[in-house]
Structures are given as C-alpha cells and as structure tokens.
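Asker: sharing a model prediction with you, sequence too.
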Amino acid sequence: MKDGVNGIALGVFIFFFLAVTVMGFLAARWRRAENEATLDEWGLGGRSFGTWVTWFLLGGDLYTAYTFVAVPAAIYAAGASGFFAVPYTILVYPLIFTFLPRLWSVSHKHGYVTTSDFVRGRFGSKGLSLAVAVTGILATMPYIALQLVGIQAVLDVMGVGGGENTNWFVKDLPLLIAFAVLAAYTYSSGLRAPALIAFVKDGLIYLVIAVAIIYIPIKLGGFDDIFASAQDKFTKAGAGGLAPAAAGQWGYATLALGSALALFMYPHSITATLSSRSREVIRRNTTILPLYSLMLGLLALLGFMAIAAGVKVDNGQLAIPQLFENMFPDWFAGVAFAAIGIGALVPAAIMSIAAANLFTRNIYKDFLKPDATPEQETKVSKLVSLLVKVGALAFVLTMDKTVAINFQLLGGIWILQTMPALVGGLFTRWFHRWALIAGWAAGMIYGTAAAYGVASPTQKHFGGSSKEIPGLGEIGYIGLTAFVLNVVVVVVLTFVLNAVKAPVGTDETSPGDYTGDVGDPGVQEKLPPATAGAPGGH
C-alpha cells in the first residue's frame, strides 16, 4: 500500500462522484410526471422504464460494489470455489423468465408496489404479507451496509480518512459525506436517480474490467503465470489446488442453486423489475442480462491476479482495490475506484427505496393508517428511506465488518423463505395461507439456528452459511435446506387445512391478470383508487 493519500486517484474519484451527484439531483426532472406524490412515481419511476433503462437499472441493482470487491476476494482467499457466483447468475435468468412477467402483469393490473402487496391480494392475508415485508426489510438492511463496506475499502486504499488512530469522525467523514449526498438525491428523485446513474456505473465497470483483463495479465506475464501462482499458493496452503475438494462440491452446488433462487426474492430486485413499462421489457431483459454474468466471470479472475501480483492484505476485501492501486497508473486507479464507489451508491439507493416501500405499504398503510393518501404514503416512504440509510451507516460504523457479512449470509437464508408465497402464488392458489406462514416460520427458525451454530477460525457463531444436510451427511447451503423444510411444511399443512376446510381468504386476482400487458382492455380501469389515473402508470 502506498504511503499517504493518492492525490491523483482521489481527484479522479471525486470528479466522478460529483458528476453522478449532479445527475442524481437532475434525475428529478427526467420523465417528470404531473403528480409526483405517489409511490408509483417516486418508488417505481412511474413504471415507465424501457428495455435499456431497465437493463442498466437491474444490472446496477444486482451487480453491486460488494460484488466487485467480494467475488474476486473470495477467489483470492479460497480459490475456484469462489466462482459459485458465476453459475448462479446463469441459473437465475431462465428461472425469472418463468415468473417475473407474471408478477409484472398482476402488479400492473392491481397497482401493486411490493411483493407483499401481491401476497396480500392473492391470499387475502395481512399476516402473510407482514411476514414477507419484515423478511424483506431484515434481509435488505445488511445488504445496504455491505455497500458501505465496499466504499470503505476504496477509501482505505486511497489513504483517505487517516490511520486507525485517527479521530473516528475524521476517519469516517468521507463515508458520511458520500451517504449524506446519496440520501439527499434519493429523497429528491426517487428511483429515477439510480436509474440514471446506473448508466455511468455500468459503463465504468465494463471499462475497468476490459482494461484489467488485458493490461494486468500483460504486466504479470500472462494467464499461465497467473494460474500457476494461484495453484502454487493453494497447494502450499493444503487446499489441494485451485478446485474445491470433493467434500466441498455439495456446498458449491447448493450455494449456487440457493443463491439463484433467492436473488429475485430481494425487494430491490422486484422494485427494479416493477419499474418497467411493459411485460415484454421484462422478457427481453431476461435474455440480455446474462451479459453481466460474462462480466462477472472476468471480474472473478482478478482474485487470481491479486495472488500473482503479490498483494498482501489482512482484510481480503481490500485485495482488489489494492491490486488496482499497485498495477494501474494513478489516474486509471481513480477510474477503477470510482466504478466501485458508484457501484455502491446505485444499489444502496434502490435497496433503501425498496425497504421503504415495504414499510409504507405493508406496515404503515396495512396496520397503522389504512386510510393513508398517496401523498402521505410517498412522504412516509421518503422518510423511511433516510432512516434505512442511517441505520445501515450506524451498523457499519459501530460494528465489526464481519458482522455485516454474517448478517448478509443470514439475509440470503431468510429471503429464500419468501419464495413459496411469492412464486408459488403466481402459479397456483392451492397453497393455504396459514400453511405458508407456518412454512415461512419453520424455514426462518431452522435457517437462523443452523447458521448460529456455524463456527469459523475467527468466530464462534454465524461463521458461514453451510452445514451438514440432515439425512444426507453432506455439507450444503443452509438456505436451501431451510427452503426444502419450508416447502414440506407448506405442502403437508395445506393438505390438512384444506381437508378441514379452514378459511382460505379472498383472492382479488383473476387468471387473466397474470398475462396482460400494456394496452390490454381493462387494465387502467381496474387499478385501485390510490393509483388509478396516476401519471406515468399504465
């Protein structure tokens, strides 16, 4: 690590940060509606985004700063097992092709803003809706915190904030400023801000990866030398080489599958999806989003490059920023750091909006103020989005970073337990609402307890997300095991509850609602009063 502040890199970083800040505030005027005081406008961008805006928004949402830092860091620390992120992002797109268009159609028809809105309407259960909303908020909070971890890694490498003995306020002031600005333009512009900034974020990331994958190997003697260095490291460490041992293959496969199932259960993924202007936009995006998986595969190789370049860091999250500083000219290191920093701002904005929408629609409106007007909903959502960011910031500044990572592991386990209600509900009404609540509770309790019992060399609890699968004796992803338990409980109890004719609740949807698109007769007329006629809605 270079001594002192890298002034040139910092200057380039600040330039791009100021540029996206201006874009964030100007986004309030982009596609401006006559009435902006609705969640459709502030929280979903007026449901008006086309194919390319949606593609950049979803890419900016799913491929975050933490992805940029953590995926190659996993390769740097553990070898090829860190590549699980590549197959899971390939698996996810055929999966979402089957259900996201259906979710868009029914949400478009009924004015649903969140997944909990749909669950409540489909099963007639505020309790189930509340469970999905609380799970979404819990899973999102540490995810936002991890974006801060990504920014902190960049700031540390640039030498900003002083050393460990520096006054805490001075040390964390750059981070405080970054998220104060983020909070301001998110409050002002809503989802339009990250949608516009995502163009810059993704453009910078593609540029940095394209340069890195050519320039760094040339400096290191080619990929043969890079892989040889990595092979040597893991062989000496007793890992047997780059590939995971046979004992780790179940863990690799179940983590990839479980992560694929969970990715589009996250509220921010759904928020970006529902901002699209048509069902066809969603279908097209599921076919072109795999381009990001190609980018992710190349990005992961940076972990091996860091090994070959002799990068030595105590915190693995610093490995890639340190690689950039060591290998790139200062000015281009600044571009790379800006890509990571902006890559944190975009998803953090979307995540805070998604969590705020869940609170507003499915806690505030359903349980605290049922007669809330669209204007009141929007005001509450704006305020909650600020509180969510403050909470994530406090989380990072006051707790060990590994705690944030562990809670993110829990977040993946938790959010997967909402899949039976959401995806199951999109295709069938057979599942009983009480069975879905019981299955959700079983999965949450088992998943949390199992993760609590996982130790690591540095931690007694929450030391990982894999554990022995009951009955199989293989090590696998806890989230997937909990999900299987969840589904078994749902199916068994549904048979029982249907047999005793337990009340099933009212389904406010109809079969045609799941296949409609823009311009279909009756779509606008059937929207509820709070959203019908909202400018920008369809």
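Answerer: Now that the structure is in, tell me what you want to look at. Predicted model, so just to flag it, every value in this text is computed and none were measured.
Asker: show me which helix runs longest in the chain.
Answerer: Longest helix in the chain by number of residues (criterion: DSSP state H): helix 126-158.
Asker: run a quick neighbour tally on K312.
Answerer: 11 (other Cβ atoms under 10 Å). Placement of C-beta: from N, CA and C, glycine included.
Asker: going forward can the numbers begin at 820, since that is how I track them
Answerer: Shifting the count to begin at 820 puts that one at K1131.
Asker: do you know how far it is from T1277?
Answerer: 18 Å (Cβ to Cβ, to the nearest Å).
Asker: what does P1013 give?
Answerer: Using Cβ to Cβ, we find P1013 at a distance of 34 Å from T1277.
Asker: out of these two, which sits in the busier spot?
Answerer: The neighbour comparison of P1013 against T1277 (other Cβ under 10 Å) goes to P1013, with 33 against 8.
Asker: are we agreed that the more buried one is in a strand?
Answerer: No. Assigned with DSSP: H, G, I helix; E, B strand; the rest coil, P1013 falls outside any strand and is helix.
Asker: now it. Nearest residue, chain neighbours left out?
Answerer: A1168 (4.1 Å; Cβ to Cβ, 6 or more residues apart in numbering).
Asker: am I right that the one you found falls within a helix?
Answerer: Yes. Counting by three-state DSSP, A1168 is found in a helix.
Asker: picking that back up, list the buried residues for the longest helix of the chain?
Answerer: 945, 947-977 (16 or more other Cβ atoms under 10 Å).
Asker: which is the next helix or strand following that helix?
Answerer: Next in sequence after helix 945-977, counting helices and strands by DSSP states H and E, comes helix 987-1008.
Asker: what are the contacting residues of that following helix?
Answerer: Residues from elsewhere that reach helix 987-1008, judged by Cβ atoms under 8 Å, 6 or more residues apart in numbering: 836, 840, 843-844, 846-847, 849, 967, 970-971, 974, 979-981, 983, 1012-1013, 1160, 1164, 1167-1168, 1171-1172, 1201, 1204-1205, 1208-1209, 1212, 1215-1216.
Asker: ok, the residue nearest to P1013 - contacts?
Answerer: Per Cβ under 8 Å, 6+ apart, neighbours of A1168: L1001, Y1004, T1005, L1010, A1012, P1013, I1016.
Asker: which of these lies closest to W874?
Answerer: P1013 (13.5 Å; Cβ to Cβ).
Asker: wait, that closest one sits on V1165?
Answerer: Yes. With contact defined as Cβ atoms under 8 Å, P1013 reaches V1165; the gap is 4.6 Å.
Asker: which neighbours do these two have in common?
Answerer: G879, D880.
Asker: am I right that G1153 is in contact with F836?
Answerer: No. Assessed by Cβ under 8 Å, G1153 is found out of contact with F836, at 10.5 Å.
Asker: who has more neighbours, these two?
Answerer: Ranked by neighbour count (other Cβ under 10 Å), G1153 and F836 place G1153 first, with 26 against 18.
Asker: which residues does the more buried one contact?
Answerer: Contacts of G1153 (Cβ under 8 Å, 6+ apart): N825, I827, A828, L829, G830, V831, F832, F834, F835.
Asker: hang on, the earlier thing: report the two of the contacts of A1168 separated the most.
Answerer: Longest span within the contacts of A1168, Cβ to Cβ: L1001 and L1010, 13.5 Å.
Asker: okay, the contacts of A1168 in CSV with distance to D859 and pLDDT next?
Answerer: What follows is the contacts of A1168, written out as CSV (distance: Cβ to Cβ, whole Å; pLDDT from 0 to 100):
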residue, distance to D859, pLDDT
L1001, 23, 87
Y1004, 20, 88
T1005, 17, 90
L1010, 10, 91
A1012, 16, 91
P1013, 17, 91
I1016, 21, 92
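Asker: any low-confidence regions in the stretch 820-969 of the chain?
Answerer: Across the stretch 820-969 of the chain, residues meeting the criterion (pLDDT under 70) sit at 820-822, 850-855.
Asker: can you give me the offset of the helix or strand where E1196 lies from its chain's centre?
Answerer: Assessed by DSSP H and E, E1196 sits inside helix 1193-1217. Mean C-alpha position of helix 1193-1217 versus that of the full chain (Cα atoms, centre = their mean, to the nearest Å) differs by 17 Å.
Asker: what of stretch 1202-1218?
Answerer: Worked out by Cα atoms, centre = their mean, stretch 1202-1218 lies 16 Å from the chain centre.
Asker: what comes up buried for that stretch?
Answerer: V1203, S1204, V1207, K1208, A1211, L1212, F1214, V1215.
Asker: excluding its backbone neighbours, what's nearest the last one?
Answerer: In other words, V1215. Per Cβ to Cβ, 6+ apart, closest to V1215 is L967, 4.3 Å.
Asker: try the first one
Answerer: Nearest in space to V1203, with sequence neighbours left out and distances taken as Cβ to Cβ, 6+ apart, is A1175 at 4.0 Å.
Asker: what angle do helix 987-1008 and the helix or strand where the one you found lies make with each other?
Answerer: Element membership for A1175 (DSSP H and E) is helix 1149-1178. In terms of direction (axes from the mean of the first three to the mean of the last three Cα atoms, to 10 degrees), helix 1149-1178 departs from helix 987-1008 by 60 degrees.
Asker: quick one: average pLDDT of helix 1149-1178?
Answerer: Here helix 1149-1178 scores 92 as its mean pLDDT.
Asker: which other residues reach the helix or strand hosting P1140?
Answerer: Using DSSP H and E, the element containing P1140 is helix 1138-1146. Contact with helix 1138-1146 is made by 820-821, 825, 828, 887-888, 891-892, 895-896, 972-973, 975-977, 1027, 1031, 1034-1035, 1038, 1121-1122, 1124-1125, 1128, 1130, 1132, 1152, 1155-1156, 1159, as judged by Cβ under 8 Å, 6+ apart.
Asker: identify the residue spatially nearest to A889, adjacent ones excluded.
Answerer: Going by Cβ to Cβ, 6+ apart, A889 has Q1136 as its nearest residue, at 6.7 Å.
Asker: residues touching the one you found, list them.
Answerer: Contacts of Q1136 by Cβ under 8 Å, 6+ apart are V888, A889, A892, V968, G969, A972, K1220.
Asker: which residues touch the closest residue to the fifth one other than its chain neighbours?
Answerer: To tie it back to what came earlier, the one meant is G969. Leaving aside its sequence neighbours, G969 sits nearest to A884 (Cβ to Cβ, 6+ apart; 3.2 Å). Each residue near A884 by Cβ under 8 Å, 6+ apart is listed here: Q966, G969, I970, I1159, G1160, G1162, A1163, P1166.
Asker: identify, from the residues you listed, the entry nearest to A1056.
Answerer: Using Cβ to Cβ, these come closest to A1056 at G969, 26.2 Å.
Asker: hang on, isn't the closest one packed against F887?
Answerer: Yes. G969 lies in contact with F887 (Cβ under 8 Å); the separation is 6.7 Å.
Asker: who touches both of these two?
Answerer: Common neighbours of G969 and F887 (Cβ under 8 Å, 6+ apart) are I1159, G1162.
Asker: still on that earlier bit, the buried residues of stretch 1202-1218 into CSV, with extra columns for distance to T1334 and pLDDT?
Answerer: Compiled in CSV, the buried residues of stretch 1202-1218 are given as follows (distance: Cβ to Cβ, whole Å; pLDDT from 0 to 100):
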residue, distance to T1334, pLDDT
V1203, 33, 94
S1204, 33, 93
V1207, 34, 90
K1208, 38, 88
A1211, 38, 83
L1212, 43, 83
F1214, 42, 77
V1215, 43, 76
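Asker: among the residues you listed, which two are most distant?
Answerer: Among those, the pair separated by the greatest distance (Cβ to Cβ) is V1203 and V1215, at 18.9 Å.
Asker: quick one: which helix or strand includes K1286?
Answerer: Judged by DSSP H and E, K1286 forms part of strand 1285-1287.
Asker: hang on, the earlier thing: from L995, how far off is the residue nearest to V1215?
Answerer: Noted for L967: a distance of 10 Å to L995, by Cβ to Cβ.
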